[in-house]
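# dropping the sequence and predicted coords here.
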Amino acid sequence: MSVPEDLLRDLAPQVLGALLRRYDDFAAAEDAVQDALLAAAEQWPRDGLPDYPRGWLIQVASRRMLDHLRSEQARRRREDAHATEPPPPDVPDQDDTLALLFMCCHPALKPPAAIALTLRAVGGLTTAEIANAFLIPEATMGQRISRAKLKIKESGVPFGQTGDLATVLHVLYLMFNEGYASSVGPDLQRRDLAAEAIRLTRAVHALRPDESEVAGLLALMLLTDARRDARTTADGTLVPLTEQDRTRWDHEEIAEGVALITATLPVGPLGPYQVQAAINAVHDEAKTADDTDWPQLLALYGVLRGMSDNPMVALNHAVAFAMVHGPAAALDLLTTLAADRRVAGHHRLHAVRAHLLEMAGDNAAAAEEYRTAARRTTNLPEQHYLTIRAAKATAAVSEV
Amino acid sequence: MKYMLLMQASERIEQPPIHTWDPADVKAHLQFMHDFNAKLVADGEFVDAQGLAGPEEAKVVRSTASGTPAVTDGPFPESKEFLAGFWVIDVESLDRAIEVAAAASAAPGPGGVPVRIPIEVRQIMSAPNSEA
């Protein structure tokens, strides 16, 4: 028989929550749940789905937890006081997903650690699966997760306390990017990270439907993820948005994302995730690249710039500006931007300048900027793309 | 971010080759490397580490117009330096990669004096963090 897909992973945070309400030891409880999930993955396909999968997992995890406490107590040569207690009662009407996210996305953790821990404790992935996703050995990932758990233990925050929703959203956003940005060619394992980030953000949205930035982030992910199949060629070369085959976009995802952001924007309060979702909605709704509503995008980038002092946003704003007002004025904007130390010498600045120079017809200067951008990027598909653009611009010079 | 740390050995280096060291010094050196790698694993930063066979075993291969590749004993004769080994680490910043490289460079040589072998730090190409 088959175990319904995602069942174990949907149950993982609930089982962990049940244990944590009983035992105040996050690290040990998380290990116990992981053991129970592995046992279920092995036994359920063979013996059949138990009548109460959630209760089954709680039972098994509790037993592991008691074993752990027993050995701990034996180690400390103490009397065995708790080990004979019955497993905790099954309390199914409480969703602990959010409480666990607050714990795993603790501000004391660096994002990579928070992402790894979230994937395991809330996402129900095994350490091996997470290690695969990050292309590092399992032992290294195991250590990273252990250290993260230790940090949480040291921080002394009890389970169930409200945490910082903005940090949770930031971690989910980074998890999505980690998967989406590297979903090149056949590299499906990493794309699972994007799917997992969407699944978790969906769960948060279901629990906090009134939080406009949660809805905004979910919409942003959907509207971005919708383009994933069109954003690279079979050999892994990046395809810029304007050149993508729009029939390969996921129109169901687009419809869902557009509906979500359309319903959210008028309610507010407005935040950067919502604005970015709106920007992506404008792109996704254009039937062809030429149909893109650039004045609308320019206005949205203006709003986004007002919200965050991020030079990368300013670069995107300059591109929209060029599409509305022409490349010459936009190049002036870049000159001002280049004085910003955070972006001076950054490959994105050179890539955007190259693009604007190309628009202005200065292929020789564009080729030089593309070459500089290609040398400075640390991303391989992007480097390939920029190198091809440099070669095209160079060829255009000799054609004239 | 992943970095490759390249251990650049040089013929001009002041140290005598490791097979001429006192056995106790060789042991101390190997133990250092073992502990160094174990710590990288414990810190959640280890990806890979390999030592390479000596340059006298190396070949340089080049395709030719005739279809038969040209194979010469390597490394390139003009190079005074050769790659002795490498680490791949996954760390949060360039600063941290430099810190790890500095620690590796302090591996003990003859008489426990650090070898101070130069370590080249190169970022490994990764995924972009933004689109278009």
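The structure has been received and is ready for your questions.

# dump the residue contacts of residue A:215.
Residue A:215 sits next to A:205, A:209, A:260-261, A:263-264, A:274 when contact means Cβ atoms under 8 Å, 6 or more residues apart in numbering or on different chains. Bear in mind the C-beta positions are built from the backbone N, C-alpha and C, glycine included.

# just those residues: which are in helices?
Within the contacts of residue A:215, residues falling in helices by DSSP state H are A:205, A:260-261, A:263-264, A:274.

# so which of these comes closest to residue A:396?
residue A:261 (38.5 Å; Cβ to Cβ).

# quick one: stretch B:107-121 to chain centroid distance?
12 Å (Cα atoms, centre = their mean, to the nearest Å).

# give me the mean pLDDT for it.
Mean per-residue pLDDT for stretch B:107-121: 91.

# contacts (any at all) between chain A and that stretch?
No - Stretch B:107-121 does not reach chain A (Cβ under 8 Å from any Cβ of the partner chain); its nearest approach is 12.9 Å.

# can you tell me which of the ones in helices among the contacts of residue A:215 are buried?
A:205, A:260-261, A:264, A:274 (16 or more other Cβ atoms under 10 Å in any protein chain shown).

# with pLDDT and distance to residue B:48 as extra columns, can I get the residues you listed in CSV?
Shown next, in CSV, are those (pLDDT from 0 to 100; distance: Cβ to Cβ, whole Å):
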residue, pLDDT, distance to residue B:48
A:205, 96, 39
A:260, 98, 42
A:261, 97, 43
A:264, 97, 45
A:274, 98, 42
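
# and those residues as JSON lines, adding distance to residue B:81?
Listed next are those as JSON lines, based on distance: Cβ to Cβ, whole Å:
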{"residue": "A:205", "distance to residue B:81": "56"}
{"residue": "A:260", "distance to residue B:81": "57"}
{"residue": "A:261", "distance to residue B:81": "56"}
{"residue": "A:264", "distance to residue B:81": "58"}
{"residue": "A:274", "distance to residue B:81": "54"}
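
# output the residues you listed in TSV, with distance to chain B appended to each entry.
Below are these laid out as TSV (distance: Cβ to the nearest Cβ, whole Å):
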residue	distance to chain B
A:205	23
A:260	20
A:261	18
A:264	22
A:274	18
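
# name the nearest of those relative to residue B:44.
Relative to residue B:44, the closest of those is residue A:205; by Cβ to Cβ it sits at 30.9 Å.

# who's in contact with the closest one?
A:211, A:214-215, A:218.

# kindly report the same for residue B:35.
Residue B:35 neighbours (Cβ under 8 Å, 6+ apart): none.

# pLDDT score for it?
pLDDT at residue B:35 comes out at 94.

# which element, helix or strand, includes it?
Following DSSP states H and E, one finds residue B:35 within helix B:23-42.

# what residues sit buried inside that helix?
Buried, per 16+ other Cβ under 10 Å, within helix B:23-42: B:25, B:28-29, B:32-33, B:36, B:40-41.

# the helices in the stretch 251-400 of chain A, which residues?
Per DSSP state H, counting those that start in this stretch, the stretch 251-400 of chain A carries helices over the ranges A:251-264, A:272-285, A:294-307, A:311-325, A:327-337, A:347-359, A:363-376, A:380-399.

# format those as a markdown table; extra columns: distance to residue B:114.
Shown next, in a markdown table, are the helices of the stretch 251-400 of chain A (distance: least, Cβ to Cβ, whole Å):
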| stretch | distance to residue B:114 |
| --- | --- |
| helix A:251-264 | 56 |
| helix A:272-285 | 49 |
| helix A:294-307 | 50 |
| helix A:311-325 | 41 |
| helix A:327-337 | 45 |
| helix A:347-359 | 37 |
| helix A:363-376 | 34 |
| helix A:380-399 | 35 |
